[in-house]
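In: Mind folding the following:
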Amino acid sequence: MSPVQYRLSLLTRITLYTVATLADIIQIILLLLVIGTIINTVVSVIYYLIFGSICLLNSVKLFGTRQLKKTVGTWFAEAVPILNFLPWFLIGTYLTIRQADQEDREKANPAPANPTNRIPVKLKMIGREIIKKVAIVLLCLLPVSSVLADSNIITTPDLTIRITPRDPGPATQTTIDLTSYSFDLERSQVNWQIDGKKILNNNDSHLSLTTGKIGVPVIVKAQIIPVNSSTKTVTISIIPTQVDLIWRGDTYTPPGYLGGKPISLESVGQVTALPILIDRTKRQLPPTELVYNWSDDGKTMTLSSGLGKDTYTFKAPIGGTKEITVSVENRDGSLRANNTILIPITKPRLLFYEESALTGPNYAQALQTNFTLTKNQSIIRVVPYFFPQNLVIDGGLNYNWFLNGEMIGNNRPSLGVENSRSTGVANLEVHINNPDSLFQSAKMLLGVTLGDLSDNF
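Out: Coordinates of the predicted model:
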């Protein structure tokens, strides 16, 4: 036994070898995941290549070349999601081969043993191998969610059924399109039924219908009778769902303000989903039993999504609009609703009010651009609309008052005004800004007639 082993306590050696063993197990699991992902990708690509070739041959055989362009376009549209795998598959394969080649070289030329650092070096090498394999798995699995998301297409051995929109709501115009590469749909007889009632004068592969109430299934049955083939029958169940989105900003509005709270530049906004999903037992699923998937300007917000997460909080950009999308579904994915909302991003604004020392500001009547003093003294208050609420309440905003272009030393939301014998108009201007943001600022000018401004109130 080496001197280093003598110095290591028994507990330390057991711990190190346990960690090494667990790391080897993790490597095996990750390697199996990589292999499974690569095999799945290869099989999918081969399937679509063979599937596409058969489709082209059948199309030419049945229709000649008159529908060749349409057939190629339809097949390509359905195969494109699988093609998303190819770059990641190639990267994953390259990294896997490179890792295996490196391991073979290390086995062929082992490093000289050094008992003083053998265990730490081995653990360090294992850690690097685990990181590489995790990277390979993530690269291979990255496009999976986008491929699986396109679930408005139902595929059978003989038919491809496309429902538009993907998740119909109540009283929604919905279309069902049938496509087949096994037989000529144009020459086939297609009989449609909706809730057991036959649809007359409809003998093509396209059906339009209007859904009913939320949670009331619409049963669509299509019977296809090809010229030289057996009858094909498909049944489709469409259950209308709905999710509404309401939004509000964490911005300030004075008491008695009747409007909503807009979301201003760089302020915090919040969107809440109000889903209505009714299952086949006529039970409306509570929000806590639903899975929410949020998207912000096209970017999936993984950390904000999940079971029961019906609210999404975000920071507004410096202008334009904000596009928020939510997809809500039950746990098994059999019911789903989605909605998208465009939220306008506004700018903060200011309004002047006359304030009483006893009753406070008169929020019922804002002062216009010109204000005439009719009393010996008055207090003018500026209200910062749509600034972050916590800054307004906690006094975190900067107030800069100007009289005829000259700054007045008053960092408060109100200013005292005294009437005097002099006549004329004084220009009173205020600038308000958030010291932590370049874009949260506003200014306003008020013309004061017969007023002598002071800072005594």
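
In: Thr156 - how many residues pack around it?
Out: When neighbours are defined as other Cβ atoms under 10 Å, Thr156 has 11 of them. For glycine as for every other residue, the C-beta is placed from the backbone atoms N, C-alpha and C.

In: Over to Gln377?
Out: Count around Gln377 with other Cβ under 10 Å applied: 15.

In: partner residues bridging it?
Out: Beta bridges link Gln377 to Glu418, judged by DSSP bridges.

In: Gly416 is in contact with that one, correct?
Out: Yes - Gln377 is within contact range of Gly416, at 7.0 Å (criterion: Cβ atoms under 8 Å).

In: Show me where the stretch 101-250 of the chain has its helices.
Out: For the stretch 101-250 of the chain, the helices defined by DSSP state H, counting those that start in this stretch occupy 118-141, 144-148.

In: Mean pLDDT lowest where, among those helices?
Out: Ranked by mean pLDDT, those end with helix 144-148 in last place, scoring a mean of 38.

In: Could I get the full set of helices for the stretch 251-400 of the chain?
Out: Counting by DSSP H, counting those that start in this stretch, the helices of the stretch 251-400 of the chain are 389-394.

In: Show me where it has its strands.
Out: Per DSSP state E, counting those that start in this stretch, the stretch 251-400 of the chain carries strands over the ranges 263-264, 268-276, 291-296, 299-300, 306-307, 311-315, 321-329, 336-346, 349-356, 360-367, 370-372, 377-385, 398-403.

In: any idea which of these is most buried?
Out: strand 263-264 (a mean of 26; mean count of other Cβ atoms under 10 Å).

In: Average pLDDT for it, rounded please.
Out: 94.

In: Which secondary structure element of this structure has the lowest mean pLDDT?
Out: Scoring the helices and strands of the chain by mean pLDDT, DSSP states H and E places helix 144-148 at the bottom, with a mean of 38.

In: Surely Asp297 and Thr325 touch.
Out: No - under the criterion of Cβ under 8 Å, Asp297 makes no contact with Thr325, lying 9.0 Å away.

In: confidence score at Asp195?
Out: You'll see Asp195 listed with a pLDDT of 91.

In: For it, which non-adjacent residue is closest in space?
Out: Ile219 (5.4 Å; Cβ to Cβ, 6 or more residues apart in numbering).

In: Mind listing residues that contact stretch 259-274?
Out: Defining contact as Cβ atoms under 8 Å, 6 or more residues apart in numbering, one finds that stretch 259-274 is touched by 243-251, 253, 287, 292, 310-319, 322, 324, 326, 328, 339, 341, 343-348, 386-388, 437, 439-440.

In: now the strands of the stretch 251-400 of the chain as CSV including distance to Gly424?
Out: Rendered in CSV, the data for the strands of the stretch 251-400 of the chain read as follows (distance: least, Cβ to Cβ, whole Å):
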stretch, distance to Gly424
strand 263-264, 36
strand 268-276, 44
strand 291-296, 53
strand 299-300, 57
strand 306-307, 64
strand 311-315, 46
strand 321-329, 45
strand 336-346, 36
strand 349-356, 19
strand 360-367, 18
strand 370-372, 12
strand 377-385, 17
strand 398-403, 12
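
In: Indicate which one of those is closest to Asp204.
Out: strand 336-346 (28.1 Å; Cβ to Cβ).

In: Residues contacting that closest one, please?
Out: Contacts for strand 336-346 (Cβ under 8 Å, 6+ apart): 166-167, 169, 241-245, 247, 262-265, 269, 271, 273, 275-277, 316-330, 386.

In: again, only this time at 6 Å
Out: Residues from elsewhere that reach strand 336-346, judged by Cβ atoms under 6 Å, 6 or more residues apart in numbering: 167, 241-243, 245, 247, 262-264, 275, 316, 319-325, 327-329.

In: Now it: average pLDDT?
Out: 95.

In: Can you list the strands that it pairs with?
Out: strand 263-264 (parallel), strand 321-329 (antiparallel).

In: nearest to Lys213, of those strands?
Out: strand 321-329 (18.2 Å).

In: Report the inter-axis angle for the closest one versus strand 268-276.
Out: 30 degrees (axes from the mean of the first three to the mean of the last three Cα atoms, to 10 degrees).

In: Keeping just the C-alphas, turn strand 321-329 into PDB.
Out: The C-alpha trace of strand 321-329 is given here as PDB (Å, rounded to 0.1, in the frame of the first residue of the first chain):
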ATOM      1  CA  THR A 321     -45.500  45.900 -28.400                       C
ATOM      2  CA  LYS A 322     -45.200  42.700 -26.500                       C
ATOM      3  CA  GLU A 323     -46.500  39.400 -27.900                       C
ATOM      4  CA  ILE A 324     -47.400  36.900 -25.200                       C
ATOM      5  CA  THR A 325     -48.700  33.400 -26.100                       C
ATOM      6  CA  VAL A 326     -49.900  30.700 -23.800                       C
ATOM      7  CA  SER A 327     -50.800  27.100 -24.500                       C
ATOM      8  CA  VAL A 328     -52.900  25.400 -21.800                       C
ATOM      9  CA  GLU A 329     -53.500  21.700 -21.600                       C
END
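
In: if we can go back for a sec, least confident of the strands of the stretch 251-400 of the chain, on average?
Out: strand 370-372 (a mean of 81).

In: does Gln377 really touch Glu418, like I thought?
Out: Yes - the pair Gln377 / Glu418 is scored as a contact, 5.0 Å apart, by Cβ atoms under 6 Å.

In: who does Val425 bridge with?
Out: Bridge pairing for Val425 - DSSP bridges - gives Thr449.

In: That one against Thr449, yeah?
Out: Yes - taking contacts as Cβ under 6 Å, Val425 lies within contact range of Thr449: 5.2 Å.

In: just to revisit the earlier point, right, so of the strands of the stretch 251-400 of the chain, which gets closest to Val234?
Out: strand 336-346 (20.4 Å).

In: Extract the C-alpha set from the closest one and format it as PDB.
Out: Backbone C-alpha positions of strand 336-346 (Å, rounded to 0.1, in the frame of the first residue of the first chain) are rendered in PDB as follows:
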ATOM      1  CA  ARG A 336     -55.700  22.100 -25.100                       C
ATOM      2  CA  ALA A 337     -56.400  25.700 -25.700                       C
ATOM      3  CA  ASN A 338     -54.100  28.500 -26.800                       C
ATOM      4  CA  ASN A 339     -54.200  32.300 -27.200                       C
ATOM      5  CA  THR A 340     -51.900  35.100 -28.200                       C
ATOM      6  CA  ILE A 341     -52.200  38.700 -27.000                       C
ATOM      7  CA  LEU A 342     -50.400  41.900 -28.200                       C
ATOM      8  CA  ILE A 343     -49.700  44.300 -25.400                       C
ATOM      9  CA  PRO A 344     -48.900  47.900 -26.300                       C
ATOM     10  CA  ILE A 345     -46.100  49.500 -24.400                       C
ATOM     11  CA  THR A 346     -46.900  53.000 -23.300                       C
END
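
In: just the angle between it and strand 291-296, please?
Out: 30 degrees.
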